[in-house]
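Novice: With the sequence up front, the predicted model follows.
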Amino acid sequence: MRNKTTGKHTMNKMTKGALATGVGVALLLGGGGTLAVWNTAAEANAGTMANGDLKMEAGVGTWTNAAGTVVNLATYRAVPGDTLTFRQPVTVELDGDLMVANLTVTDKLASTASYLSVGEAALTDAANKPVIKELTKDSDGAYTAAVTVKFLETTGGTVGTKATNDLGKIGFKLEQVAPSK
């Protein structure tokens, strides 16, 4: 068909639509597609999942010196070579089929004193035996958590004399370990 104003040949809308439809069908069939797809769905009724839990309650802790004597940090005067141990009763509850957890020391030292060294958390059971494995869902119960702070004996000169060290933020954290495969 010829356009009356320009004199050029033009396609009418019907021809353009038919051509586009034909190209689309050819692409679907040629590309392995299909014109109609049936499908259906059904609910799986997979059930409800219940989550576990992790709890730790802490009692009042005490500081002792290397001789095992209970000390009051406010009045105790540490010197190079001293070792102080903080012991705190804790009760743990672990709930989860693959639950595994470790006890760690938090805020090891608010003071950045180079002459102090803070150890890792140690855990003993009710019979005062060391717990050297990770805790599991079968580990519920009472324990004693401990951490040792050492005034390094290699501290020389007058380093640290008359200083105060904030040990009040030291604490214990029970942290879940991701289940192994």
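Specialist: Cool, the structure landed.

Novice: alpha carbons only for contacts and neighbour counts from here, please
Specialist: OK.

Novice: first vs last residue of stretch 129-138, how far apart are they?
Specialist: Using CA to CA, to the nearest Å, the end-to-end distance of stretch 129-138 comes to 17 Å.

Novice: just stretch 157-166 next, same as before
Specialist: Distance between the boundary residues of stretch 157-166 (CA to CA) amounts to 22 Å.

Novice: In that stretch, which residues are buried?
Specialist: For stretch 157-166, the neighbour count (16 or more other CA atoms under 10 Å) marks Gly160 as buried.

Novice: helices and strands of the chain: which one bottoms out on pLDDT?
Specialist: The helix or strand of the chain with the poorest confidence is helix 13-30; it has a mean of 71 (mean pLDDT, DSSP states H and E).

Novice: Tell me the helix or strand right after that one.
Specialist: Helices and strands here follow DSSP states H and E; after helix 13-30, the next one along the chain is strand 53-58.

Novice: In the sheet, which strands lie alongside that following strand, parallel or antiparallel?
Specialist: Using DSSP bridges, strand 53-58 pairs in its sheet with strand 83-95 (antiparallel).

Novice: domains for the protein, by residue range?
Specialist: Here the domain parsing of the chain from automatic domain parsing is 1-35, 53-176.

Novice: would you turn the ones you listed into CSV with distance to Ala41?
Specialist: Shown next, in CSV, are these (distance: least, CA to CA, whole Å):
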stretch, distance to Ala41
domain 1-35, 20
domain 53-176, 32
